[in-house]
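Novice: Sequence and computational prediction follow.
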Amino acid sequence: MAKPVGRRGETRERILATALDLFVEHGVHGTSLQQIADRLGVAKATVYHQFATKDALIQALVQPVADTLGELLTRAEAAAGREAQVEVVIEGLVEMVLARRQIAAVMHGDPAVEAAIRATPELAVRSAKVKDLLLGPDPSPSRRVALSVFNAGLMLSGTDPELAELPEEILRQELLGTARRLLV
């Protein structure tokens, strides 16, 4: 008999945390709802009760990113001048990744997550606005490559085993410095 997971909110959060751990370990496509249930020690129906599909689960994982990007864009739009806006976005993205290291790593390059982003309209729109702000008007090939390098490096830095031992403040400083060298 499967054991209960806890109250509804706790159950949902434990499922999300477990799914994220498994997504980091095996990728989204390499993780089934059954594996999530098994890791939690619950029936698969418990997972289905909270999330009807794996896509719904992924959307729940990326929704906080959409919310954070919305707040970040509001702060950037209030900044005076493009340089100040870019600085706000860089700092905000670094903070977001440091706060959500696993989600950032899973979000980068996984086709299932990219589909979830497209299915979460506010995330797709906000991501495009952040990209446009960082690229600026009429971006050069060099600027486009710099942004790509920044995005990839930032998203993967949170779970890079080579960086795991760095204190968070040192990692923050190095990410900000690297971002500024690339984009400012």
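Specialist: Nice, I can see it. Numbers count the residues shown, from 1 in each chain.
Novice: Which strand or helix spans the residue nearest to His26 when sequence neighbours are not counted?
Specialist: The shortest distance from His26 to any non-neighbouring residue, by C-beta to C-beta, 6 or more residues apart in numbering, is to Gln35 (7.6 Å). Where C-beta positions appear, they are placed from N, C-alpha and C, glycine not excepted. Assigned by DSSP states H and E, Gln35 belongs to helix 33-40.
Novice: Val125 now?
Specialist: Assessed by DSSP H and E, Val125 sits inside helix 121-135.
Novice: who does that helix touch, helix- and strand-wise?
Specialist: Applying 3 or more C-beta pairs under 8 Å, 6 or more residues apart in numbering; DSSP states H and E, we find helix 121-135 packed against helix 54-78, helix 82-99, helix 111-118, helix 141-157.
Novice: which outside residues touch stretch 23-41?
Specialist: Stretch 23-41 is contacted from outside by 2-3, 5, 14-15, 18-19, 21-22, 43-44, 46-48, 51, 54, 57-58, 61, 102, 105-106, 110-113, 159, using C-beta atoms under 8 Å, 6 or more residues apart in numbering.
Novice: List of residues touching the lowest-mean-pLDDT helix or strand in the chain?
Specialist: Least confident element among the helices and strands of the chain, by mean pLDDT, DSSP states H and E: helix 111-118 (a mean of 80). With contact meaning C-beta under 8 Å, 6+ apart, helix 111-118 is reached by 28-29, 54-55, 58-59, 61-62, 106-107, 123-124, 127.
Novice: Many thanks, have a good one.
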